[in-house]
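Colleague: here you go, sequence then predicted model.
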Amino acid sequence: MTDIHWMTAADLARAYRAGTLTPAIVVDKLLQRIAHHDRNINAFVSVDAEQARAQARAAGEEMARGIWRSPLHGVPVGIKDLIDIAGQVTSCHSRLMLNQVARQDATVVARLREAGAILLGKLALHEFAIGGPSNDAAYPPARNPWDPRHQTGGSSSGSGAAVAAGFVPLALGTDTGGSIRNPAGHCGVAGLKPTYGAVSRHGVFPLSFTLDHVGPITRSVEDLALAMNVLAGHDPADPASARAAAPDHLAGLSQGLAGLRFGIVRHFHEEDARASDEIIQAIDRCGAVLREGGAEVVDIRLPPLSRFTMTQRVIFHAESWAVHANWLRSRPGDYSHIARRKLIVGAFLGAGDYVQAERWRKQLIEAVDGALEQVDVLIVANSFEPASEIADEIEFARTYGRHARSPFNLTGHPALALMCGLSSTGLPLSVQFVGRCHGDNTLLRAGAGFEKHSGWGASHPPMSYPRAA
């Protein structure tokens, strides 16, 4: 049998049904692994071992009585620490929030509880989902399980690291400019930014009302679908929540690649902002894998990447300033230096900038919609470089903004990050698939087909290293 810590949520569900594992055994094994390895990774800011064991016992007792809540029943989950869990601190990885105890669960947490998932603890992030791997934030930065000298990507840093390290099979993240897909890519796991409005943001600390999304990070596309079947659906407590009925995200997952048409947005990473040669070659290999699996692959063009990124940044900085302006005026020293530097940008934007950006946003949505009338799925580079070293602030500053993720926060289209190779230094490389709005299930079908034919879905970090400096 696969080691428990590398089992997917779907693997665990099948083992529970077969009676070969119990939630109590799984939780104990994962808590032991966290205790042994997280001193190198810093994925968790808090672990609620007592409550997790109690939830595991309760889940096991229900299963023994024939009560099966969902395929996530008894599955351990980690929660990014800007998502509320009732009775626990929601710190946002910031000194400003260390005493903020949530009164009730976020909608996504309530849905996980109802599905029988086990809440293992709260996960690290970049401060307020905008900072970086800072040593002057409330907690140390999460580190990459493939090499702890390197950053994880963010802002859902602990979520990507925890799943990659085998601490949990499923974690929740948020994504405003790529914050699920970046750590999923750098940590070699799967991450989905759903269609805007598909998953509730109620009970999640905001960064940008127009751009914020909540979604899962897992080790398989099948697990993303299982998670989305629990998380997705209308929530009247979120004004942006979609009223359209959520699809069955498992439907069609095994249909394969035949009949799907993919369009590579090559100019993003070859012309508009040239990626490293390793990334360019990896994207080319993705196209070859898809063709071998029976898909059609063509090149397709969108407006220049700079038009997307400039528009996204205006909205992002204006809205995040609106959230943080009072604290930035009264308690600027309580922010980490990276978060403070990024947030202050919004103070220099005017109403005209914001209105013009919203006009551009509508045009860019139409452009992506038009491209997706020609193909079923877009292929887009994720990060343009492998993960940089945490200690190298110059390289971090040079590479961190080099990506093609933020266009799809701007347009709201679902975007999926999947591992597509290893760099020459042994760090994960990643590709994005982008689908039609509310076509998340077709996007997941495409991802499952790629995962099967590429073989990268079964990759794990070596996890053999001395304690990080």
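Modeller: Great, that's in hand.
Colleague: now do the strands in the stretch 151-300 of the chain.
Modeller: Residue ranges of the strands in the stretch 151-300 of the chain, as given by DSSP state E, counting those that start in this stretch, are 170-175, 190-193, 213-218, 261-264, 296-299.
Colleague: for the stretch 1-150 of the chain, that is, sorry about that
Modeller: In the stretch 1-150 of the chain, the segments counted as strands under DSSP E, counting those that start in this stretch are 44-47, 76-80, 118-123.
Colleague: return the most buried member of those strands.
Modeller: Each of those was assessed for mean neighbour count using mean count of other CB atoms under 10 Å. The highest is strand 76-80, with a mean of 29. In short, each C-beta sits where N, CA and C put it, glycine included.
Colleague: now it: average pLDDT?
Modeller: For strand 76-80, the mean pLDDT works out to 99.
Colleague: just stretch 360-375 next, same as before
Modeller: Throughout stretch 360-375, pLDDT has a mean value of 99.
Colleague: show me where pLDDT drops low in the stretch 1-150 of the chain?
Modeller: 1 (pLDDT under 70).
Colleague: tell me where it has helices.
Modeller: 9-18, 23-41, 49-64, 107-114 (DSSP state H, counting those that start in this stretch).
Colleague: just to revisit the earlier point, for the strands of the stretch 1-150 of the chain, give me TSV that also has distance to D105.
Modeller: Converted to TSV, the strands of the stretch 1-150 of the chain look like this (distance: least, CB to CB, whole Å):
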stretch	distance to D105
strand 44-47	16
strand 76-80	10
strand 118-123	9
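Colleague: which one of the ones you listed lies closest to A225?
Modeller: strand 76-80 (15.4 Å; CB to CB).
Colleague: run me through the strand neighbours of the closest one, direction for each.
Modeller: Here strand 76-80 is paired, per DSSP bridges, with strand 118-123 (parallel), strand 170-175 (parallel).
Colleague: can you list those strands in a markdown table and add distance to R39?
Modeller: Below are these laid out as a markdown table (distance: least, CB to CB, whole Å):
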| stretch | distance to R39 |
| --- | --- |
| strand 118-123 | 15 |
| strand 170-175 | 19 |
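Colleague: nearest to K452, out of these?
Modeller: strand 170-175 (20.1 Å).
Colleague: next, the angle from the closest one to helix 9-18.
Modeller: With axes from the mean of the first three to the mean of the last three CA atoms, to 10 degrees defining the directions, strand 170-175 sits at 150 degrees from helix 9-18.
Colleague: what angle sits between strand 170-175 and strand 213-218?
Modeller: 150 degrees.
Colleague: what sits closest to F167 if chain neighbours are left out?
Modeller: I34 (5.1 Å; CB to CB, 6 or more residues apart in numbering).
Colleague: what is the neighbour count of L98?
Modeller: 14 (other CB atoms under 10 Å).
Colleague: for it, which non-adjacent residue is spatially closest?
Modeller: If the residues on either side of it in the chain are set aside, L98 comes closest to S91, at 5.5 Å by CB to CB, 6+ apart.
Colleague: dump the helices of the stretch 1-150 of the chain to a markdown table, plus mean neighbour count and distance to L378.
Modeller: Output for the helices of the stretch 1-150 of the chain, formatted as a markdown table (neighbours: other CB atoms under 10 Å; distance: least, CB to CB, whole Å):
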| stretch | mean neighbour count | distance to L378 |
| --- | --- | --- |
| helix 9-18 | 18 | 27 |
| helix 23-41 | 19 | 32 |
| helix 49-64 | 17 | 39 |
| helix 107-114 | 21 | 26 |
